[in-house]
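# quick one, structure for this:
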Amino acid sequence: MTKKREWATFEDRVRDIASYIWSRPCTPKRVGGVNIDGVTVLDAEIECFVEITVERSLNKVREDVVKLQTAKSAAFIKGVLARCFCVVNGPVTPAMKDAGKDHNIHVVSFEEFSKQFFDFNTYGSARSSAPFGSSINPLTGQADETKYVPVRYLVDGKKGDISSKDVADLLRSGRNVILLGEYGSGKSRCIREVFSIISGTATDDFCYPIAIDLRKSWGLRQSGELIRRHFADLGLDGLESSAIKAFRANSLVFLLDGFDEIGSQAWSNDNSKLKLIRAKSLEGVKDIVQSNGGGTLVAGREHYFPSMEEMYSALGMSPNNTVVVRSKNEFSDSELLEYFQNRDIDVDIPDWLPRRPLICQTISELATDQLESMFGERGNEISFWNHFINVLCQRDANIHVSFDAATILRIFIHLARLTRAKPSNVGPISLAELQGAFEAATGAAPVEEASIMLQRLPSLGRVGPESNDRQFVDIYILDGLRAKDVALIGVNGDQEIIEATSNHWTNPLDDLGQRILASDQNLSEKTKLQIASRAAKNGNKVLASDIVGALSRRAETPMDFEGLTLSGGEFLFLPLDERPLRNLTITDGYIGELAFPAKGCVNVRIDGCISPKVTGISSQTALPSWVSKLEAEEFDSVASVSRIRKIGLKPAHEILITIIRKTFFQKGAGRKEEALLRGLGTIAGRGLSTRILNLMLKEGLLTTFKGDEGSVYSPVRSHTRRMQSILDQLSASTDSIWQQVDEF
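Sure thing, here's the model as predicted:
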């Protein structure tokens, strides 16, 4: 059956509601010589008379009051007490109410009349004011009151995507919906919006949304328990019975958030036992789904279940009547722009930052000084990553008071260590290893609530169908966690150093991880170098490479490696352009990206290495003499603004290259002038930059329009190939725009 009611007339609608209010039929009847639109017999001595007024006028109300008064008197003569209602199709004026007041006849609007069945207005107001799942400020726990950014959702088996309104329509039509998404992808925010949409027509449709946070429903096994607990949590104890009544009348749409957040009562490494545990914890949800006469939405993280079949079974849904909807992991460029505009935030999001809704929300909650420090002219990605990982752990810890952010972070770091030797860069991680990580972090085996926390850790996803194994789904988080792990090696004593340096790791740190390790103050540079030397000798070439890469990161003082020789190392990134390096030999290694120009290298040798990408120089012939037998596949010298500035171009050319790169080769439809020149420092003088922008407009390379805070510049895409040629050729370019800028 469908949730949404369809009535032929307003009278049918009122009689239908009346029958639910009194749990008995409401039918037309002639009483005392007058026709009453609806009569419900409660027992032999009490009846309810309902006169239904479509024409909203005082005279019509007075006529209906007279009819009810006549019928009421006739019934009284026969020993029947009548409760009388005049239901008006629209707002009721005080004069209308006064017309029936002296005769104890209730003149009410349809909305007021419906409250006798279920007072949705009171519930809707209380629910809207309370947090929706994780749609909160992740640090304070307060509800997120910011304006919703319309986003699109993917549907299994469909090519197109849908909106939150489409989800609401599915539920109104009686379909079940499973909303899946990774951590911080906006599931709770979607539920909040769907709740708002359905609420707007709830009384008219006889379809009331009930939004329950399952994280507050630990241990509840029956539908009635979940409903009563939900209303009690909102302080609406007086509505519990009417809510149950509305549930039995199939007039509720349920929005159940967090099927992965209901606690189980045990931990097991046995797949079959764990399946039973998950099913047991979701008995209350399953009871609601199967008892509800129409649409129910249940949301959670996909990797909680090892298979779709188990998910359907545990939730009590059938694939034939269920639509699987997925939140997209990241905002589109337009959604991202609207998100920050709604929050009145002007921030030029760097390429390195994932566009996840939770990350964007974290940015929006930053204080002004934090925003400037992390995303201003100089920027501080490391500071933001440290802030974000704390927010992420605290957010998960808020689910239950038994968890704390520090413990979750320790578990994360332990799991990150496990991935170092995995065949895939991100996993797999078995349930036994999850349990081991918990025991290493807490000193105790996981029981009760802890087991569910391990199965739903943010940034961990399912390896594949029919597998309980997990893997990291977010390299941005994993890379930083690995760096934190390395920084703790020396802190935990010599035995930890021996174990770590003797292991055989296969997955090295990337750019972000190196910089996080370089900035971490747990270990001095001297201690880091000592660990790298031991790792190079004991066989953990990846650990040695990680530390060498970190020690090569930006610093004014030279880094003396004291004759360290690293043979067979593996780097995802090795910068030679950030810090003067001394007394280092790297042979027969792999370097994912080798960054030039070299900054004052002394007694440094790179021999017989392979590098898919070399940046900062334009060809093999530009390599310094101390780099020999390098098998390089690609050269690229304009990968970022900072690298553009190190090439040695004239200031005007640096500005030109930066504008070309940010408009033509970065995500987004346009850039503010301030954002275009960010990172160039004092060379981007107002006069010089304005002349270059005006020239590009004149040449038809850019277009401009007025934004809320100044001019916004967009690329003319037909010139993309020409602009790429300028970036490739740099000083060798003969393009007219390059030559004109050369005269500035």
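
# what does stretch 602-612 rub up against?
With contact meaning CB atoms under 8 Å, 6 or more residues apart in numbering, stretch 602-612 is reached by 558, 576, 580-594, 598, 626-634. Where you see a C-beta, it was placed from the backbone N, CA and C, and this is true even at glycine.

# switch the cut-off to 6 Å
Stretch 602-612 is contacted by residues 581-591, 594, 626-633 when judged by CB atoms under 6 Å, 6 or more residues apart in numbering.

# and stretch 170-186, by the same measure?
Contacts of stretch 170-186 (CB under 6 Å, 6+ apart): 2-4, 187, 207, 253, 294-299, 302, 317, 321-327, 329, 356-358, 458, 473.

# got a quick ChimeraX command for the buried subset of those residues?
This is how ChimeraX selects the buried members of the contacts of stretch 170-186, with burial counted by 16 or more other CB atoms under 10 Å:
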select :3,4,187,207,253,294,295,296,297,298,299,302,317,322,323,324,325,326,327,329,356,357,358,458,473
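
# ok, of the contacts of stretch 602-612, which come out buried?
Using 16+ other CB under 10 Å, the buried ones in those are 581, 583-587, 589-591, 594, 627, 630, 632.

# excluding covalently adjacent residues, which one is nearest to residue 473?
residue 461 (3.8 Å; CB to CB, 6 or more residues apart in numbering).

# who does the one you found bridge with?
On the basis of DSSP bridges, residue 461 is bridged to residue 471.

# report the separation between residue 688 and residue 119.
The gap separating residue 688 from residue 119 is 66 Å, by CB to CB, to the nearest Å.

# my error: substitute residue 554 in the last question.
62 Å.

# before we move on, what about residue 133?
Applying CB to CB, the value for residue 133 to residue 119 is 24 Å.

# distance from the chain centre to the top helix by length along the chain, please.
What stands out as the longest helix in the chain, according to DSSP state H, is helix 58-77. Chain-centre distance of helix 58-77: 58 Å, with CA atoms, centre = their mean, to the nearest Å.

# same check, this time on stretch 333-350
Going by CA atoms, centre = their mean, where stretch 333-350 is centred and where its chain is centred differ by 15 Å.

# quote the end-to-end distance of that stretch.
Stretch 333-350 has its terminal residues 12 Å apart, counting by CA to CA, to the nearest Å.

# again, but for stretch 706-726
Terminal residues of stretch 706-726 are spaced 28 Å apart (CA to CA).

# shaky segments in the stretch 351-500 of the chain?
Scanning the stretch 351-500 of the chain for pLDDT under 70 picks out 351-352, 373, 376-379, 399-403, 446-456, 462-468.

# residue 554 and residue 119 - which one has more neighbours?
residue 119 (17 against 13; other CB atoms under 10 Å).

# what does the nearest residue to the more buried one once chain neighbours are set aside show for phi and psi?
The shortest distance from residue 119 to any residue other than its chain neighbours is 6.1 Å, reached at residue 239 (CB to CB, 6+ apart). Residue 239 adopts backbone torsions of phi -100, psi 0, taken as degrees, to the nearest 10.

# need the helices for the stretch 451-600 of the chain, in chain order.
475-489, 494-502, 511-519, 525-538, 541-551 (DSSP state H, counting those that start in this stretch).

# what's in contact with the first one?
If I follow you right, that is helix 475-489. 354, 385, 412-413, 416-417, 459, 472, 496-497, 500, 509-510, 512-513, 516-517, 520, 522-523, 546.

# and if we set it to 7 Å?
Applying CB atoms under 7 Å, 6 or more residues apart in numbering, the set of residues contacting helix 475-489 from outside is 354, 385, 389, 412-413, 416-417, 419-420, 426, 459, 472, 496-497, 500, 509-510, 512-513, 516-517, 520, 522-523, 531, 543, 546.

# next structured bit after whichever helix or strand residue 254 is part of?
Using DSSP states H and E, residue 254 falls within strand 252-257. Next along the chain after strand 252-257, taking DSSP H and E as the criterion, comes helix 271-281.

# quick check: mean pLDDT of that next one?
Mean pLDDT, helix 271-281: 76.

# just say which of the helices of the stretch 451-600 of the chain is most tucked in.
helix 541-551 (a mean of 26; mean count of other CB atoms under 10 Å).

# what angle sits between that one and helix 475-489?
90 degrees (axes from the mean of the first three to the mean of the last three CA atoms, to 10 degrees).

# the strands in the stretch 51-200 of the chain, which residues?
Secondary structure of the stretch 51-200 of the chain by DSSP state E, counting those that start in this stretch: the strands cover 81-88, 105-109, 153-155, 161-162, 176-180.

# among those, which is nearest residue 72?
Nearest to residue 72, of all the strands of the stretch 51-200 of the chain, is strand 81-88, at 4.6 Å by CB to CB.

# name the helices or strands packed onto that closest one?
Using 3 or more CB pairs under 7 Å, 6 or more residues apart in numbering; DSSP states H and E, the elements in contact with strand 81-88 are strand 46-53, helix 58-77, strand 105-109, helix 110-114.

# name the strands paired with the first one and say parallel or antiparallel.
In this case it means strand 46-53. Applying DSSP bridges, strand 46-53 is found paired with strand 34-41 (antiparallel), strand 81-88 (parallel).

# which residues are contacting the first one?
Under the contact criterion CB under 7 Å, 6+ apart, strand 34-41 has outside partners 11, 14-15, 18, 22, 24-29, 31, 47-52, 67, 70-71.

# one more pass at 8 Å, please.
Against strand 34-41 from outside (CB under 8 Å, 6+ apart): 11, 14-15, 18-19, 22, 24-31, 47-52, 67-68, 70-71.

# can you give me the strands in the stretch 251-400 of the chain?
Using DSSP E, counting those that start in this stretch, strands in the stretch 251-400 of the chain cover 252-257, 296-300, 322-327.

# then the stretch 551-700 of the chain?
Counting by DSSP E, counting those that start in this stretch, the strands of the stretch 551-700 of the chain are 559-567, 570-571, 574-575, 581-587, 590-591, 593-595, 602-607, 610-611, 613-615, 627-628, 631-632, 635-636, 671-672.

# before we move on, back to that, can I get the buried ones among the contacts of stretch 602-612 in a markdown table including pLDDT?
Below are these laid out as a markdown table (pLDDT from 0 to 100):
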| residue | pLDDT |
| --- | --- |
| 581 | 94 |
| 583 | 96 |
| 584 | 96 |
| 585 | 96 |
| 586 | 96 |
| 587 | 95 |
| 589 | 92 |
| 590 | 93 |
| 591 | 93 |
| 594 | 91 |
| 627 | 93 |
| 630 | 91 |
| 632 | 87 |
